[in-house]
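S.K.: I'll drop the sequence and a predicted model, then ask my questions.
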Amino acid sequence: MSAGLWVLIIFLALLVALVVYDLLQTKHAILRNFPIIGHFRYILEAIGPELRQYIVTDNDEERPFSRDQRRWVYASAKKENNYFGFGTDNDLENSPNYLIIKQSTFPKDDAHTDPLYLVPCAKVVGGPRGRRHAYRPESIVYTTAMSYGSLSAAAVEAINRGVVMARSQQNTGEGGISPHHDHGGDLIYQLGTGYFGARDEHGNFSMEKLKEKCQRYKVRAVELKLSQGAKPGRGGVLPGAKVTKEIAEIRHVPLGRDVISPPMHTAFRSADEMLDLVERIADETGRPVGIKSAVGALGFWEELAALMAKGDRGVDYIQIDGGEGGTGAAPLVFTDHVALPFKIGFSRVYQIFARHGLTDRVAFVGSGRLGFPAESLFAMGLGCDLIAVGREAMMAVGCIQAQRCHTGRCPTGVATQSKWLMRGLDPEVKSHRLANYLVSLRKELMWLTHACGYDHPAEVTLDDFEIVDECFRTRPPRELFGYEAGWGVPSAGLLTDVRRLMPS
């Protein structure tokens, strides 16, 4: 044979070997799903900094997450070097609303911190109301509501296994509990307007089915979803392409048809009726009961706080979701224009509860692009006790921000029900990456806390930040958000308790 033919045979053999390797390896979903072609993604990523001089977008222009943010999540999840060199490429002096954290001259020493960087919540969820199964979350960071159906079975399993390693929690999302949630992870069972997994044959809420799920699975709390940042004012949407036989059976819905939840609950129609249901669920299951909502009109929150101030009924936690959008499929106009951004929405709700003297009796949770150290710390300064991460967790298990979540054709197997695409996501490998990301977020959150001179992030106040505008001026966040002295921080007694629990 000629030399050229031998070269061709060797080349084809190498290609076949590469295809076999790509199909059998488990670390990279893109390579398993797209052999050979997938390598171009990593090549372009590797030479991206050099090429970026000649293309339009820079490290901080892409949305919803910038290239810098995605790189930090990926590197943290893989336990790679997540440092950045040669100083910031942000324009600190000409960027409006630029957040600055004010470090202390005498920071705390964090040389002996626990390797998992476990940071317990300052509050006992359900404790003030005496719930039978009240608990203090070991981790102030957990994964927010992402349903099986919206996410693949492999992604749900990876998250559940990952929260076990990180000693965190997983919110089920409104799709209900599936076998893929049953790998040892603590769960927050979310009840949306469709009551999936806890509904009767007519689609109405069923207390008996809820109790059955709480007894069978590791449910730590129950959450009533009033709305979400992706599409506030509308119910959840699961495209028919994602409704498999298993999902249809879990949710009790028709196979292959779009699943659209009602825009509001049928089990209650007012804040007063909602509190009645909250107390019934807490009495029947023993679990703390919280609510999740994006923020629009404030009348509901004023009424809820006034009712809770009477002392006989109340929710155990409140999760505020920013209008920045989220993991769900949604109409563009709702994603872009409905509900307040997190910082504005959360601060308005917190102020209402602060004026009623209720902030120590409720745990506050923040969500909406908060899965980064600076954003998490600022949320704590606003009054959050817990941080719930969604899309950042998806990136940790493989999401590349392809923005195909609504099509059922997610190339990394995270947000799809395609068996071919799902096979690229190995739950065992990705669970470690989710755990690594959660630990890294807690670690850098504690670094910032110690840099500010505190032992626990709950001690951070708005006085530890400044907001820089484009005119060489700064504004104190306490003034900007209308917070009074003492707001945003748990009582001294709660802080004393949690400091004792901090690993040394």
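M.R.: Received, thanks. Residues are numbered from 1 along each chain as shown.
S.K.: And Leu438, how close does it get to Glu302?
M.R.: 35 Å (C-beta to C-beta, to the nearest Å). Any C-beta I mention is one placed from the backbone N, CA and C, and that applies to glycine too.
S.K.: count of neighbours near Pro239?
M.R.: Residues contacting Pro239 under the criterion other C-beta atoms under 10 Å number 18.
S.K.: Helix, strand, or coil at Glu466?
M.R.: strand (DSSP: H, G, I helix; E, B strand; the rest coil).
S.K.: okay, Leu438 and Glu302: which has more neighbours?
M.R.: Neighbours were counted for Leu438 and for Glu302 using other C-beta under 10 Å; Leu438 has more, 29 against 15.
S.K.: The more buried one contacts Ile159, correct?
M.R.: No: between Leu438 and Ile159 there is no contact under C-beta atoms under 8 Å: 10.0 Å.
S.K.: what's the overlap in contacts for those two?
M.R.: Both Leu438 and Ile159 are contacted by Ala393, under the criterion C-beta atoms under 8 Å, 6 or more residues apart in numbering.
S.K.: burial of Lys79, as a residue count?
M.R.: Counted with other C-beta under 10 Å, residues neighbouring Lys79 total 13.
S.K.: part of a strand, is it?
M.R.: No: secondary structure of Lys79 (three-state DSSP): coil, not part of a strand.
S.K.: Got the phi and psi for it?
M.R.: Backbone geometry at Lys79, expressed as degrees, to the nearest 10, gives phi 60, psi 40.
S.K.: Next: Pro64.
M.R.: In terms of degrees, to the nearest 10, the main-chain angles of Pro64 are phi -80, psi -20.
S.K.: what does Leu494 give?
M.R.: When quoted as degrees, to the nearest 10, the phi and psi of Leu494 stand at phi -60, psi -40.
S.K.: Then Gly240?
M.R.: phi -60, psi -30.
S.K.: If the spatially most central residue of the chain is in a bridge, with which residues?
M.R.: Among the residues of the chain, the one closest to the centroid is Val389, at 1.7 Å (C-alpha atoms, centre = their mean). Bridge pairing for Val389 (DSSP bridges) gives the partners Thr143.
S.K.: Against Ala363, how distant is it?
M.R.: Taken as C-beta to C-beta, the span from Val389 to Ala363 is 16 Å.
S.K.: now Phe34
M.R.: To Ala363, Phe34 is 43 Å away according to C-beta to C-beta.
S.K.: Those two: which has the busier surroundings?
M.R.: Ala363 (28 against 18).
S.K.: And the pLDDT at the nearest residue to that one once chain neighbours are set aside?
M.R.: Distances taken as C-beta to C-beta, 6 or more residues apart in numbering put Tyr317 closest to Ala363, at 3.9 Å, once the chain neighbours are dropped. On the pLDDT scale, Tyr317 is placed at 98.
S.K.: and Tyr317, how many neighbours?
M.R.: 23.
S.K.: Would you map the strands across the chain?
M.R.: Taking DSSP state E as the criterion, the chain carries its strands at 98-101, 141-143, 169-171, 186-191, 219-225, 237-238, 259-260, 289-293, 317-321, 363-367, 386-389, 465-468, 474-475.
S.K.: coming back round to it: quick one: the residue nearest to the centre of the chain and Val141 touch, right?
M.R.: Yes: judged on C-beta under 8 Å, Val389 makes contact with Val141 at a distance of 6.4 Å.
S.K.: Tell me the residues that contact both of those two, please.
M.R.: Common contact partners of Val389 and Val141 (C-beta under 8 Å, 6+ apart): Gly371, Leu438, Leu441.
S.K.: from these, which is closest to Met264?
M.R.: Met264 lies nearest to Gly371 out of the shared contacts of Val389 and Val141, by C-beta to C-beta, at 29.0 Å.
S.K.: burial measure for the residue lying closest to that closest one once chain neighbours are set aside, as a count.
M.R.: Spatial nearest neighbour of Gly371, excluding adjacent residues (C-beta to C-beta, 6+ apart): Glu392 at 3.0 Å. By other C-beta under 10 Å, 26 other residues sit near Glu392.
S.K.: can you check Asn94 too?
M.R.: Look at Asn94: counted by other C-beta under 10 Å, it has 12 neighbours.
S.K.: Asp68 versus the closest residue to it other than its chain neighbours, what's the distance?
M.R.: Excluding the flanking residues, the one nearest Asn94 by C-beta to C-beta, 6+ apart is Glu470, at 4.8 Å. In this view, Glu470 and Asp68 are 20 Å apart by C-beta to C-beta.
S.K.: Who has more neighbours out of these two?
M.R.: Set Glu470 next to Asp68 and count neighbours by other C-beta under 10 Å: Asp68 wins out with 17 against 12.
S.K.: Let me see the contact set for Pro490.
M.R.: Residues counted as contacts of Pro490 (C-beta under 8 Å, 6+ apart) are Ala122, Lys123, Thr359, Asp360, Asp385, Ala458.
S.K.: repeat for Gly383
M.R.: Phe346, Ser347, Tyr350, Ala354, Thr359, Phe364, Trp487, Gly488, Val489.
S.K.: what about 10 Å?
M.R.: 320, 346-347, 349-351, 353-354, 359, 362, 364, 366, 458, 461-462, 481, 483, 487-490 (C-beta atoms under 10 Å, 6 or more residues apart in numbering).
S.K.: got it, and Glu479?
M.R.: With contact taken as C-beta under 10 Å, 6+ apart, Glu479 is in contact with Leu462, Ile467.
S.K.: Relative to Ala485, how far out is it?
M.R.: Distance from Glu479 to Ala485, by C-beta to C-beta: 12 Å.
S.K.: follow-up on the earlier one: reformat the contacts of Pro490 into CSV and put pLDDT next to each item.
M.R.: Below are these laid out as CSV (pLDDT from 0 to 100):
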residue, pLDDT
Ala122, 96
Lys123, 97
Thr359, 97
Asp360, 96
Asp385, 97
Ala458, 96
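S.K.: Pick the one among those residues closest to Val16.
M.R.: Out of those, the member with the shortest distance to Val16 (by C-beta to C-beta) is Asp385, at 54.8 Å.
S.K.: Count residues in the vicinity of that closest one, would you?
M.R.: Burial of Asp385, expressed as a neighbour count using other C-beta under 10 Å, amounts to 25.
S.K.: Not counting sequence-adjacent ones, nearest residue to it?
M.R.: Ala363 (4.6 Å).
S.K.: Make sure that neighbour is actually in contact with Arg129.
M.R.: No: Ala363 is not in contact with Arg129 according to C-beta atoms under 10 Å; the separation is 11.1 Å.
S.K.: For these two, list the residues in contact with both.
M.R.: Common contacts of Ala363 and Arg129 (C-beta under 10 Å, 6+ apart): Pro288, Val315, Asp316.
S.K.: ok, and the closest non-adjacent residue to the last one?
M.R.: For Asp316, ignoring the flanking residues on the chain, the nearest one in space by C-beta to C-beta, 6+ apart is Pro288 at 3.8 Å.
S.K.: show me where pLDDT drops low in the stretch 251-400 of the chain?
M.R.: 325-329 (pLDDT under 70).
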